[in-house]
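In: following is a predicted model, sequence given first.
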Amino acid sequence: MKTRAAVLYEMGLPTPYAESKPLKIETLELDDPKQNEVLVKVRAVGLCHSDLSVINGSRPRPTPMALGHEAAGEIIQVGENVTSFKEGDHVVCTFIPSCGYCIPCREGRPALCENGAKSNNDGEMLEGGMRLHLNDETIYHHLGVSGFAEHVVVSVNSIVKVDPSIPFEEVALFGCAVITGVGAVINTAHVKPGSSVAIVGLGGIGLNALLGAKLAGAREIIAVDINPEKLASAKKLGATATFNSSEQNTSDEIKSYTHGGVDYAFETAGVIPAMDVAYAITKRGGTTITTGLPHPKHEFSFPQVTLAAEERTIKGSYVGSCVPVRDIPRFIELYKQGRLPIDELLTGTISLDEINAGFDRLERGEVSRLVIKMD
C-alpha cells in the first residue's frame, strides 16, 4: 500500500528547520506485514529529542530514514503467526523491540535486548530487512517504528495493547516520554518515599521524571533548567524548588539548599553540562541517573576518587528500565486515576505537514510534548 511519511535524507542541516526542511513528506510504498508483524494506522505520534538527535546528527543513523517512534494507532491488518493482537486493537509503539531469547531478554530486561539494539542501529525491522520503499530505493526504519507516517508495519514485539478509551494523542506519550521518565525513577533508581530528588533538564522526559518522583513520594523535588518557562511548568507539576542552571554557582546553591546534595539526581537533557550539574549536586552516598543520549563522541569526566570515598553511584537508564507490556498498562491506570497527569504535558497538536516547524519549536525548548495528529 502507499503511505505518506516524513523521510530524512541528510543529517545536520541548519536551523530553522522550517526553511532547511530536513524532513521531506514522501509517498512511500509500504509492504504488507510479514510473520509476527502488524499493519497499524497511525493516529498520533510525538516529537521527541531522540528524533531531533537524528536530525541534527548527534545520533548518527543510516539514511534515507523514515523517522518517528512515539506512535499510537489502530491495527488494521495482522501478519502470519500473530495471535496476541487482532484488527481493531489500539496499540502504542515502543522503540526497542525485544526478541525474547537473547540474554538480557531472558533476564527480564527487554530494554537491553541485543537483537533489538542491532536492528535499530541498522535501521531494520527486528524480523530483518525493511518494509518501506520509494521507487527503487529502500528506506531505513527508525527504531523499528518510523511513526511519522499514516501507516506503519511493526513487529508484535514493538507494540503494547492499550485502553481504547484514552485519546491517541495522550496514549502515544506512554511509548517513550512516560516510560523513560517515570521508569527511570521507579524502575532504575527505585526512589524511596521521603527522598530528595533533582531533575536536570525539563523536556518531556524530565517532566515525566518529575511526575514519577512525586508518585514515588519524594519529599523534595528540585527542578533544574535554563528555560524560565519550563521551570514555571515544573513548579505547577509539583517541584518544591527550581533553579536556573544558566546562572553562576547553581550547583553550589543547590548543595547549600539541600544541605549537601540530593539522594537522587536525574540528568535528562542529554548534554554533558547537564550531567556535570547532576553529578555535582548528588550527595555523598547518593545516586546520579542519566537518561540522556548525547553524541557518541562526547565524554563525561569526574573525580574517580569520589566513587569510592563518597560511595557514589552513577547509573544509566534506557527506556526507563521498563518491561513495556508490564509497565505501560500500569502507568496508564495511574493516569486514569489522576496520579500521573500526563495530559498536562501535552503542549499541542500539529499536522504531518507542519513537522519541520514543530521540530524548530522543540529545538528552541518551547514545548514539553508536541504531537502530530493524523486524523
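Out: Right, received. Where do you want to start? The structure presented is a predicted model; accordingly, all values stated were derived computationally and were not measured.

In: ramachandran angles for the most far-flung residue of the chain relative to its centre?
Out: In the chain, the residue that sits farthest from the middle, by Cα atoms, centre = their mean, is Ala309; the gap is 33.9 Å. In this entry, Ala309 is assigned phi and psi values of phi -70, psi -30 (degrees, to the nearest 10).

In: swap in the one 4 residues further on?
Out: Here is the backbone geometry of Thr313 (degrees, to the nearest 10): phi -130, psi 140.

In: so what's it up against?
Out: By Cβ atoms under 8 Å, 6 or more residues apart in numbering, the contact set of Thr313 is 286-288, 307. Any C-beta I mention is one placed from the backbone N, CA and C, and that applies to glycine too.

In: now the helices for the stretch 151-300 of the chain?
Out: 168-171, 177-183, 204-216, 228-237, 250-257, 272-280 (DSSP state H, counting those that start in this stretch).

In: per-residue confidence averaged over the strand ranked longest in the chain?
Out: With secondary structure taken from DSSP state E, the chain has its longest strand at strand 37-47. On average, the pLDDT along strand 37-47 is 98.

In: swap in stretch 174-181?
Out: pLDDT averaged over stretch 174-181 gives 97.

In: run through who's touching it.
Out: Residues contacting stretch 174-181 (Cβ under 8 Å, 6+ apart): 46, 48, 50, 69-72, 92-95, 160, 162, 204-212, 268, 291, 317, 319-320, 322, 324, 327-328, 331-332, 335, 340, 342, 345, 369.

In: now the angle from the longest strand of the chain to helix 204-216?
Out: Using axes from the mean of the first three to the mean of the last three Cα atoms, to 10 degrees, the direction of strand 37-47 lies 90 degrees away from that of helix 204-216.

In: following strand 37-47 in sequence, what is the next regular element?
Out: The helix or strand immediately downstream of strand 37-47 is helix 49-55, counting by DSSP states H and E.

In: which helices and strands does the helix or strand that comes right after that following helix pack with?
Out: Using DSSP H and E, the next helix or strand after helix 49-55 towards the C-terminus is strand 65-66. Judged by 3 or more Cβ pairs under 8 Å, 6 or more residues apart in numbering; DSSP states H and E, strand 65-66 is in contact with strand 2-8, strand 137-141.

In: buried ones in stretch 311-326, by neighbour count?
Out: 312, 314, 317-324 (16 or more other Cβ atoms under 10 Å).

In: a markdown table for those, including secondary structure?
Out: Listed next are these as a markdown table, based on DSSP: H, G, I helix; E, B strand; the rest coil:
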| residue | secondary structure |
| --- | --- |
| Arg312 | coil |
| Ile314 | strand |
| Ser317 | coil |
| Tyr318 | coil |
| Val319 | helix |
| Gly320 | helix |
| Ser321 | helix |
| Cys322 | coil |
| Val323 | coil |
| Pro324 | helix |
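
In: want to throw these into CSV with distance to Phe168 and pLDDT?
Out: As requested, the buried residues of stretch 311-326 are arranged in CSV below (distance: Cβ to Cβ, whole Å; pLDDT from 0 to 100):
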residue, distance to Phe168, pLDDT
Arg312, 42, 97
Ile314, 37, 98
Ser317, 27, 98
Tyr318, 25, 96
Val319, 21, 95
Gly320, 21, 97
Ser321, 26, 97
Cys322, 20, 97
Val323, 23, 96
Pro324, 17, 96
